[in-house]
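Asks: following is a predicted model, sequence given first.
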Amino acid sequence: MSEHVDREAGSRPAAPAERKPRAQTLRRRAGRLVWNVLLITSGSLLCAAAINGILIPNRYLSGGVSGLSLFIFYLFPAIPVGVSNFLLNIPLFVVGWLFVGRRFFFYSLAGMVIFSAALLIPFAPIPIQDPLLKALTAGIISGIGSGIILKSLGSGGGLDILSVILFKRFSIRIGTTVMVFNCALMAACLFRFSIDAVLYTLVYLFVTSQLVNMVVTGLNQRKAVMVVSPHWDEIAHDIMETMQRGVTLVNGQGGYTGTELKILYSVITFPELSRFKELVRQRDPNAFVVVTETLEVMGKGVGNQPHW
């Protein structure tokens, strides 16, 4: 049985409500709009650079809607990749209107338009000779670009819409959904393209999915910490007052001694980890501390679940 100390684990103390002037609110909203459009635009340019600068000159494939657009382009070069990408996104946005939030929908709509326009930009081929290095470089550029887009309040459309729906409903990580879908797509492409092109594309897709996971959640990973110490009350006070993080007390019992004890449980951010360990060390150098990774955290203050 557990009991709460002041606040739930990981939460920050509630700040008093303040009424902000209308002008300040409008400036904040305008700044948020500009920032999100900047994220979407920069990410779209990176993805377009990977496609136009590496994939198309080497006739590599891609995944999702952009991969289908490339497939159409290789068969019918007169149809630009950006045009087919825009048209293929229309049915996905119909589904997105039903299952995702309106704010995410409209930002994603803007992202799809920006990405489709970026695909029309004639990027110069990136001068890399080794085919494997080409695939790796394209995956790094595209993964960072896709992750930057998903750090905004929207997406680039396409498979991102489906990925977000699955993430919200089943907690399936975005990069995982993309990878599984694209593997099925590559299996179908074996009937039309050489096995070398498909294998290099799989390398590109794998690197892309890993970079997307890293940018979207990996760099924002939370740490769950547990502390067993006879100085639990002092440590709990320091966590709440010094670090402004909540603590949950769990009643425990020593397996060998049978002594009753208190286990502290809290959730902190990665940059706070070294500070947390130093705080515990100062109170009790012999404290038993366990630090574990979290997949996602829901809750005000320390939560890292995406905003979709």
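Replies: That came in fine, so what should we check first?

Asks: the protein: helices as residue ranges?
Replies: Counting by DSSP state H, the chain has these helices, from start to end: 22-50, 64-75, 81-99, 102-118, 131-150, 159-170, 174-189, 195-216, 232-241, 273-283.

Asks: and those: which comes nearest Pro57?
Replies: Pro57 lies closest to helix 131-150 among the helices of the chain, at 8.9 Å (Cβ to Cβ). For every residue, glycine as well, the C-beta is placed using N, CA and C.

Asks: out of the helices of the chain, which is the most enclosed?
Replies: Each of the helices of the chain was scored by mean neighbour count; the highest is helix 131-150, a mean of 23, by mean count of other Cβ atoms under 10 Å.

Asks: where is the longest strand in the chain?
Replies: Longest strand in the chain by number of residues (criterion: DSSP state E): strand 260-269.

Asks: nearest to Asn58, out of the helices of the chain?
Replies: helix 131-150 (5.8 Å).

Asks: and that closest one, what other elements does it pack with?
Replies: Counting contacts by 3 or more Cβ pairs under 8 Å, 6 or more residues apart in numbering; DSSP states H and E, helix 131-150 packs against helix 22-50, helix 159-170, helix 195-216.

Asks: how about Arg59, what does it touch?
Replies: Tyr74, Phe193, Ala197 (Cβ atoms under 8 Å, 6 or more residues apart in numbering).

Asks: do that again at 10 Å, thanks
Replies: Residues in contact with Arg59, defined by Cβ atoms under 10 Å, 6 or more residues apart in numbering, are Leu70, Tyr74, Phe193, Ser194, Ala197, Tyr200, Thr201.

Asks: what of Ile40?
Replies: 107-108, 110-115, 118, 148-156.

Asks: could you find the closest non-adjacent residue to it?
Replies: Gly111 (4.4 Å; Cβ to Cβ, 6 or more residues apart in numbering).

Asks: so that neighbour sits against Gly145, correct?
Replies: No. The criterion here is Cβ atoms under 10 Å, and Gly111 misses it with Gly145 at 11.3 Å.

Asks: what do those two both touch?
Replies: Joint contacts of Gly111 and Gly145 (Cβ under 10 Å, 6+ apart) are Gly43, Ser44, Gly156.

Asks: surely Val113 and Ile90 touch.
Replies: No. If you go by Cβ under 10 Å, Val113 and Ile90 don't touch, sitting 11.6 Å apart.

Asks: what sits closest to Val198 if chain neighbours are left out?
Replies: Met186 (5.2 Å).

Asks: please consider this matter closed, and thank you.
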